[in-house]
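> sequence and computational prediction follow.
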Amino acid sequence: MKILTIASRNVFRNWRRTLVTTLAMGFAGFIMILFASLMQGLLQSSERNAVAMDLGDIQIHAESYRNDPDLYKRIDNADELVHQIRLAGFHATHRLYGFGLIAAGSSSAGVQLRGIDLSTEFDVTQIHLHVLHGNWLDQRDPKGVVIGRKLARILGVKVGDELVFLGQATDGSMANDLYTVKGILKSVGEEVDRGGFYMTESEFRELMFVPTGAHEIAVMRPDRSSDLKAAKEQITAIAQDYETMDWRELKPVIARILDLADSQMIIMVIITYTAVAMVILNAMLMSVFERIRELGIMKAVGVTPWRLMLLIYAETFIQVVMASVIASLSGWSLSRYFQKNGIDLSSVSDGASFAGVAMDPIWRAYVTPEAVLIPIIFLFIIASLAVLYPAIKAAVIQPVTAIHHR
Amino acid sequence: MLRFLFTIIFLIPLLIYPIDIYSGQQDDSSRERAKEILRQVEDMWRGTSSHSLFTMQVKTAHYSRDMRLEGWSKGKEKSLVRILLPLKEKGTATLKSGNSIYNYLPRTDRTIRLTSGMMTGSWMGSHFTNDDLIKESRMEEDYDPFVSFEGNRDGEEIIEFTLIPKPDAPVVWGKIVAIVLSEGYIPLKYYYYDEDMNIARTIIFSKIELLAGRLRPKVMKIVPADKPNEYTELVYEELDLNIQIEDEFFSIARLKRM
């Protein structure tokens, strides 16, 4: 087949135009790959912050607890349920929640007390790895607590500072005690950042006078790619007397954003590539018009319209392939760079959050095969659409008029 | 048509003004009287200063609590209450000074000033809120009282007052209805209505006995309307009025030394 040889010769004949067209396509592809990886990174980190730092995949509560979080609305047989859920092959932990006031010096703030079972919480969430300053809770240090970072800022405390808790225990008495800040968490979400006050389960039970039961059971699938709905049904069957919800129901906004991520990506690609299509159309149309005589002669010596069309397409695809190489190499490597190093947004948007889930101050990209493939595939599709008109134009040339064309 | 309109426009003020002036005059004197009586009722436990010993029983669906407390007050703005029993909470004290409430916690040896967010919280596990402690002394500033009934009801000569919150008063109640014995102005019942004008809680005064030199109700029971089985009951054991007490007594520094 001579077409490829002829096409490449044609492409490099006007190398300036080829360079500009290829670079335009390559740049658009590069931008889209980078954009896709950054979006993926943002979504992954918000899902991770929501699910792996706090929610877990599935949560169990006493009926109506979520609407009215009351110290008395407990899951009575929490230990047994956790045990059964673990037997069914899931990770599970129970948690205790309460409310009260924290004072440090002259400042004070309302907090959400969280009693954590240190032996099982690590199976479900990675919150213990998410400490900004200091350390995570320790069973041997019951008065050491871990707090959210905005809370720490509101109170003006750092690791080692003293906090006074005041609240109401289940027996109506004033629960109060002294605690020391053991750790300050990285950004997790509005709720935790502003009001998170983590302590060991045993300390919570003593402080708030809750000898048995728990307010929440958080469940995590061992394999996160398995079917969430099926897992939820399984858990619902185990915890029949209680309300079971998966994280998509608990944080519907995040779930929707994640669902829409792919279509959003494609829309962005189409918009950007429409501009690229104009460039291709213009360049190929120019190259067809300036070669009308030449194409006319080709036709006169017996080249069929189909082969002419094929020639124009081959010329375009040579450029698209070069652009794709440029785009994927540069896009992939820069995305990899941002995946490793991240973009530091802490000065611009410290503690920003969307839908109540915190954005990490370091924005990292996340390179997935789709993030690279979708922009490249669309580049080919758009290019073949754009070059359709110049190709037809070349195919239907009348040899006689073409040869006399000047 | 035009004449009709004019008539209406001119008639409306004529219709409104005389009545308004008339009812205004009526209101002013009755309002003054209502205010005066309510002031006397309020002063019943307070005087210029006071010292008291009382018990508080709290019963809720989840717990019941018996406490013995000691209280001091001076004027309207200053008061201090300290827990004597149960031993677990002995020494826990609440200081009210103006619009601020401080809690002293002996277990931690710290004093905490309550934030506005904690104001709606329960005071020492009872059905009183911290806000009640503040608002109790502000009744006169926040509400316009008038006499809504006077005479014999259920065999007792009573006066019924209705207290309507002033337009921009920072209050949580829609209105308060207070029933007071005509003789001696001894309070019998207070009904608190929410913003939708449904009863939210009732305070019942009973056991009228000689206390600090005159007849006063010794028992004060508060019942929330949505939980009729719950209550908080205050029983006065001792009350001394118009005692000698300095302002410094109601200070944060003093809280700790008690």
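All right, it came through fine.
> all contacts plus neighbour counts: C-alpha atoms, from now on.
Fine.
> any weak-confidence spans in the chain?
You didn't say which chain, so I picked chain A. The model of chain A has pLDDT under 70 over residues A:1, A:347-360, A:406.
> please refer instead to chain B.
In chain B (pLDDT under 70), the answer is B:1-28, B:45, B:137, B:257-258.
> near chain A, which residues of it?
Counting by CA under 8 Å from any CA of the partner chain, chain B comes close to chain A at B:62-65, B:89, B:105, B:107-108, B:110, B:112-113, B:115, B:117-118, B:124-126.
> just the ones of the residues you listed in strands?
B:64, B:65, B:105, B:110, B:112, B:113 (DSSP state E).
> bridged to the fifth one, which residues?
By that I understand residue B:112. residue B:103 (DSSP bridges).
> what is the burial count for it?
Residues near residue B:112, counting by other CA atoms under 10 Å in any protein chain shown, number 23.
> secondary structure element for residue B:157?
strand B:156-165 (DSSP states H and E).
> just the buried residues of that strand, please?
B:158, B:159, B:160, B:161, B:162, B:163, B:164, B:165 (16 or more other CA atoms under 10 Å in any protein chain shown).
> of these, which is the nearest to chain A?
Nearest to chain A among the buried residues of strand B:156-165 is residue B:165, at 29.2 Å by CA to the nearest CA.
> quick one: the closest one from residue B:223, how far?
22 Å (CA to CA, to the nearest Å).
> kindly report the same for residue A:317.
To residue B:223, residue A:317 is 83 Å away according to CA to CA.
> with residue B:48 instead?
Taking CA to CA, one finds residue B:48 at 29 Å from residue B:223.
> show me which of those two is the more surrounded one.
residue B:223 (20 against 15).
> how about that one, what does it touch?
Neighbouring residues of residue B:223 by CA atoms under 8 Å, 6 or more residues apart in numbering or on different chains: B:127, B:201, B:202, B:203, B:229, B:230, B:231, B:232.
> identify the farthest-apart pair in those residues.
Farthest-apart pair in the contacts of residue B:223 is B:203 and B:229; separation 14.0 Å (CA to CA).
> just want to know which of those two has more residues nearby.
Comparing residue B:203 with residue B:229 by other CA under 10 Å, the one with more neighbours is residue B:203, at 20 against 11.
> I'd say that one and residue B:193 touch.
No: the pair residue B:203 / residue B:193 is not scored as a contact, 11.7 Å apart, by CA atoms under 8 Å.
> name the residues contacting each of these two.
Common neighbours of residue B:203 and residue B:193 (CA under 8 Å, 6+ apart) do not exist.
> which stretches of the stretch 151-258 of chain B form strands?
Counting by DSSP state E, counting those that start in this stretch, the stretch 151-258 of chain B has strands at residues B:156-165, B:175-181, B:187-193, B:199-211, B:214-224, B:231-241.
> turn those into CSV, including distance to residue A:225.
Shown next, in CSV, are those (distance: least, CA to CA, whole Å):
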stretch, distance to residue A:225
strand B:156-165, 59
strand B:175-181, 58
strand B:187-193, 55
strand B:199-211, 52
strand B:214-224, 51
strand B:231-241, 53
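> which one, of the ones you listed, ends up nearest to residue A:159?
strand B:231-241 (41.4 Å).
> next, the buried residues of that closest one.
B:231, B:232, B:233, B:234, B:235, B:236, B:239, B:240, B:241.
> go through these and say which is closest to chain A.
Closest approach between the buried residues of strand B:231-241 and chain A, by CA to the nearest CA: residue B:232, at 11.9 Å.
> that closest one against residue B:123, yeah?
No: using CA under 8 Å, residue B:232 makes no contact with residue B:123, being 11.0 Å away.
> three-state assignment of residue B:50?
strand (DSSP: H, G, I helix; E, B strand; the rest coil).
> need the contact list for it.
B:71, B:72, B:73, B:74, B:239, B:240, B:241, B:242, B:243.
> closest to residue A:141 among the residues you listed?
The closest of the contacts of residue B:50, once distances to residue A:141 are taken by CA to CA, is residue B:71, at 38.3 Å.
> report the contact partners of the closest residue to that closest one other than its chain neighbours.
Among residues not flanking residue B:71 along the chain, residue B:81 sits closest, at 4.3 Å (CA to CA, 6 or more residues apart in numbering or on different chains). Each residue near residue B:81 by CA under 8 Å, 6+ apart is listed here: B:69, B:70, B:71, B:72, B:93, B:94, B:95.
> taking the stretch 151-300 of chain A, what residue is nearest to chain B?
For the stretch 151-300 of chain A, CA to the nearest CA, closest residue to chain B: residue A:172, 4.5 Å.
> look at that residue and give its secondary structure.
Once three-state DSSP is applied, residue A:172 turns out coil.
> how much space between it and residue B:203?
20 Å.
> and residue A:249, by the same measure?
With CA to CA as the criterion, residue A:249 and residue B:203 are 44 Å apart.
> surely residue A:100 is within a strand?
Yes: applying three-state DSSP, one finds residue A:100 inside a strand.
> what count of nearby residues applies to it?
If we define neighbours as other CA under 10 Å, then residue A:100 has 21 of them.
> do residue B:176 as well
Count around residue B:176 with other CA under 10 Å applied: 23.
> next, the contact list for it, please.
B:162, B:163, B:164, B:190, B:191, B:192, B:193.
> for residue A:280, same thing?
Residue A:280 neighbours (CA under 8 Å, 6+ apart): A:21, A:383, A:386, A:387.
> tell me which of these fall in helices.
If you go by DSSP state H, these have A:21, A:383, A:386 in helices.
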